[in-house]
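A.B. asks: sequence and predicted structure are below.
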Amino acid sequence: MSFSDLGLSDKVLGAIDAAGYKTPTPIQSQAIPHVLARRDVLGIAQTGTGKTAAFVLPMITMLEKGRARARMPRTLILEPTRELAAQVAENFEKYGKNNKLNVALLIGGVSFDDQDAKLIRGVDVLIATPGRLLDHFERGRLLLSGCELLIIDEADRMLDMGFIPDIERIGKLVPFTRQTLFFTATMPAEIQRIADTFLHNPVRVEVAKPATAATTITQLQVATGREDYEKRATLRHLIDGAENFKNAIIFCNRKLEVAALHKSLVKHGYNAVALHGDLDQSARMAALDAFRKGDAKLLIASDVAARGLDIPAVSHVFNFDVPHHPDDYVHRIGRTGRAGLTGTAISLVAPFDTKSVAAIEKLMGTSIPWMGEPVAAAEPGERPNRHGHGERGRGGRSRQPRGNRSPEARPPRDPQPRREEAAAPRTEKPAPVRPREPQPYRERPQRDHVEPDASHLPAFLLRPVNIKA
Ligand code: AMP
C-alpha cells in the first residue's frame, strides 16, 4: 500500500514526499482511510509507530475545506505534556508546509496573551494540555462549540497524570456530533471506560508495541548496590564501556533523582541534559533540542517527562531505576532499537528491585539476561528507603548529613552482598579501574573532580564491558 491509496490530498502527499516517507506505517494505512471517512477511531499504538502522522495527515486534508472563526478552533488535540504538544505542532509544520493552517499551542510556560492573540485570529488546529485549555475556557477566551474533530492522544498517560476529570469536562464542551480519535498505548479498564464514553461506533486499530515488534533490542540487567552513589558509579562504568554508543536516555523513577543524577554526570564531565517537570518550558525545549541535534549525548528523564517524545535513533537506554510499573519498562526500552536500528537497554538492579524485574519479565514473557552476577534479593527484614531501594535501619546512608557524603565517608562494605559471599568474605581483590580512554561525548572532568572509589563495584564492571555478551 502507498500513501496515494489512502485518500490524502495532493498537498499533503507533496509534503509526505518532501519528508522522504515511502510507505505508510501500519497505523497510518489502517487509520487514515477511516479518519477521512469521518469515523471515530480507537488507535492502540505507541510512539515510534508513526501514530502522530496517522492523525495529522488526514486532519490537514480535511481542513483544506472551510475556514476558522475567531475564538472557535475547528479541531482540538489534547496532549498530556507540553513537549508532546509542541512536537505535534512541529508535525503540522512539516506535513502542512503546502497548506495555510493556523495552528495554536495552549501549553503552560508560554505567555497567555500571545496564545490569546492567536485564538482571536481564529485557529484551524488547537493543540493543548488539558489544564491550560480549561484555563482559557474559564476566562471566556475560547469557545469549543465549533470543534468538529477532537483528538485525545496518549490517553493512558493522561490517566497516569490525573487528567481524566479534565478530559471528561472538555468532552462535554465540544459538540456531541464531533468526530473523535482516541489514541492510547495500553488499554487498562479505566481507559476502556473513557473510550466508550467518548467514541461512537469506533473503528479499532491496533498495532504491535515496539517492544514486541522490535527484535533488535538487546536487554540486559546488571546488579548494583542500593545507594545512589553506587548506582551512579555503576552507570558511569556502563556508559564508558558501552559498545556502538551513539546516545542514551537514562531513566529515573522520580524527578528529584533526574536532577541529582544530571548534576552528578555533569560534574563527572559527561555531556548530559535533563528533562523533568520542575524545569521551565524553555529549559525543557533547550534540553530536548540539544539531545536531538546530538550536542548532548545523554538525556536523563523521568517517565512522565519523556513519554511519547519523538527522539530518533537512541542507541542505548539505561534504567537507572527499575520502573515500578512494567508498562513503563516497555515504553522506556521502546526508545531504542527503532526502525530496524539495533539498540541496547540495560537496567541497574538493586536488591529491592527484584520484584519489579520479575513483574517486567512476566509482562514481556521473557527473562532478561544478567550482565555478570545476579543481584541478591533484599532480605525480608529490610525495608525500602525513599527511593524504593532499601536501607538497613536508621544508619542508612540516605539519612546522613550532606557533609558526610565524601567517598571516604562511605561505609566500607560490599554494596551487593550475595548470599554465598556473605558467609565467606571475599578474598580476591577487585581489579583496578581500567584507564579511561577519551570519549568523544565526554568533556574533560572538572579540576576538582575526584575519581570515585570503585572498590565497591562488582569485579566484572571493572573490566572492559561487552554489552552484547
Ligand atoms: P510517532 O510514532 O508519531 O512519534 O513517529 C515516529 C517517527 O516516525 C517520527 O520521527 C516520524 O517523523 C516518523 N515517521 C512517521 N511516519 C513515517 C513513515 N511513513 N515513514 C517513515 N517515517 C515515518
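C.D. replies: Received the coordinates, thanks. Numbers count the residues shown, from 1 in each chain.
A.B. asks: does stretch 325-340 come close to the ligand?
C.D. replies: No: judged by C-beta under 6 Å from any ligand atom, stretch 325-340 makes no contact with the ligand; its nearest approach is 7.1 Å. Just so you know, the C-beta spots here come from the backbone N, C-alpha and C atoms, and that holds for glycine as well.
A.B. asks: give me the contact list for that stretch.
C.D. replies: 46-48, 156, 185-186, 209-211, 214, 216-217, 219, 249, 251, 303, 306-307, 311-317, 319, 322-323, 343-345, 347, 356, 359-360, 362-364 (C-beta atoms under 8 Å, 6 or more residues apart in numbering).
A.B. asks: list the buried residues of stretch 26-42.
C.D. replies: 26-36, 39-42 (16 or more other C-beta atoms under 10 Å).
A.B. asks: farthest-apart pair in the residues you listed, please.
C.D. replies: Taking every pair in the buried residues of stretch 26-42 and measuring C-beta to C-beta, the maximum separation is 19.3 Å, between Pro26 and Asp40.
A.B. asks: am I right that Arg38 is in a helix?
C.D. replies: No: going by DSSP: H, G, I helix; E, B strand; the rest coil, the assignment for Arg38 is coil, not a helix.
A.B. asks: ok, it touching Gln179?
C.D. replies: Yes: here Arg38 reaches Gln179: they are 5.3 Å apart, a contact under C-beta atoms under 8 Å.
A.B. asks: could you find the lowest-pLDDT member of the buried residues of stretch 26-42?
C.D. replies: Scanning these for pLDDT, the low point is Pro26. It has 90.
A.B. asks: gap between stretch 162-169 and the chain center?
C.D. replies: Relative to its chain's centre, stretch 162-169 lies at 21 Å (C-alpha atoms, centre = their mean, to the nearest Å).
A.B. asks: ditto for stretch 291-308
C.D. replies: 8 Å.
A.B. asks: go on, stretch 190-207?
C.D. replies: The answer for stretch 190-207 is 24 Å, by C-alpha atoms, centre = their mean.
A.B. asks: buried sites along that stretch?
C.D. replies: By 16+ other C-beta under 10 Å, the buried positions in stretch 190-207 come out as Ile191, Ile194, Ala195, Phe198, Leu199, Pro202, Val203, Val205, Val207.
A.B. asks: all helices of the stretch 101-250 of the chain, in order?
C.D. replies: Here the stretch 101-250 of the chain has its helices, by DSSP state H, counting those that start in this stretch, at 112-121, 130-138, 155-160, 164-173, 189-198, 210-213, 228-241.
A.B. asks: any chance of TSV for the ones you listed, columns distance to Met285?
C.D. replies: Shown next, in TSV, are the helices of the stretch 101-250 of the chain (distance: least, C-beta to C-beta, whole Å):
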stretch	distance to Met285
helix 112-121	15
helix 130-138	16
helix 155-160	19
helix 164-173	23
helix 189-198	29
helix 210-213	25
helix 228-241	25
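A.B. asks: mean pLDDT lowest for which of the ones you listed?
C.D. replies: Among the helices of the stretch 101-250 of the chain, helix 210-213 carries the lowest mean pLDDT (a mean of 43).
A.B. asks: circling back to that earlier point, which of the buried residues of stretch 26-42 come close to the ligand?
C.D. replies: Residues of the buried residues of stretch 26-42 in contact with the ligand (C-beta under 6 Å from any ligand atom): Gln28.
A.B. asks: quick one: which of the buried residues of stretch 26-42 is nearest to Ser2?
C.D. replies: Using C-beta to C-beta, these come closest to Ser2 at Ser29, 9.1 Å.
A.B. asks: secondary structure element for that closest one?
C.D. replies: Per DSSP states H and E: Ser29 is located in helix 26-36.
A.B. asks: what comes into contact with that helix?
C.D. replies: 1, 6-8, 24, 41, 43, 45, 49-51, 53-55, 57-59, 61-62, 179, 181, 203, 205, 207.
A.B. asks: so Met59 touches Val125, yeah?
C.D. replies: Yes: applying C-beta under 8 Å, one finds Met59 in contact with Val125, separated by 6.9 Å.
A.B. asks: give me the common contacts of the two.
C.D. replies: Thr75.
A.B. asks: chain center to stretch 300-309: distance?
C.D. replies: The answer for stretch 300-309 is 3 Å, by C-alpha atoms, centre = their mean.
A.B. asks: just the terminal-to-terminal distance for that stretch.
C.D. replies: With C-alpha to C-alpha, to the nearest Å as the measure, stretch 300-309 spans 13 Å from end to end.
A.B. asks: mean confidence score for it?
C.D. replies: Taken as a whole, stretch 300-309 has an average pLDDT of 79.
A.B. asks: pull the residues that contact it.
C.D. replies: Under C-beta under 8 Å, 6+ apart, the answer for stretch 300-309 is 47, 79-81, 83-84, 87, 153-154, 157, 160-161, 249-255, 257-258, 261-262, 265, 272-277, 284, 288, 299, 320, 323, 328, 331-332, 335.
A.B. asks: hang on, the earlier thing: closest one of the buried residues of stretch 26-42 to Pro175?
C.D. replies: Asp40 (13.6 Å).
A.B. asks: please tell me how far the closest one sits from Ile152.
C.D. replies: Asp40 is 11 Å from Ile152, where distance means C-beta to C-beta, to the nearest Å.
A.B. asks: overlap in contacts, those two.
C.D. replies: Residues touching both Asp40 and Ile152 by C-beta under 8 Å, 6+ apart: Thr180, Leu181, Phe182.
A.B. asks: can you tell me which of these are in strands?
C.D. replies: When DSSP state E is applied, those are split such that Thr180, Leu181, Phe182 fall in strands.
A.B. asks: dump those residues to JSON lines, plus neighbour count and pLDDT.
C.D. replies: Output for those, formatted as JSON lines (neighbours: other C-beta atoms under 10 Å; pLDDT from 0 to 100):
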{"residue": "Thr180", "neighbour count": "19", "pLDDT": "98"}
{"residue": "Leu181", "neighbour count": "29", "pLDDT": "98"}
{"residue": "Phe182", "neighbour count": "21", "pLDDT": "98"}
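A.B. asks: looking at the buried residues of stretch 190-207, spot the one nearest Ala376.
C.D. replies: Ile191 (37.6 Å).
A.B. asks: for that closest one, which residues are in contact?
C.D. replies: Ile191 neighbours (C-beta under 8 Å, 6+ apart): Ala155, Asp156, Leu159, Thr184.
A.B. asks: same thing but 6 Å
C.D. replies: Ala155, Asp156, Thr184 (C-beta atoms under 6 Å, 6 or more residues apart in numbering).
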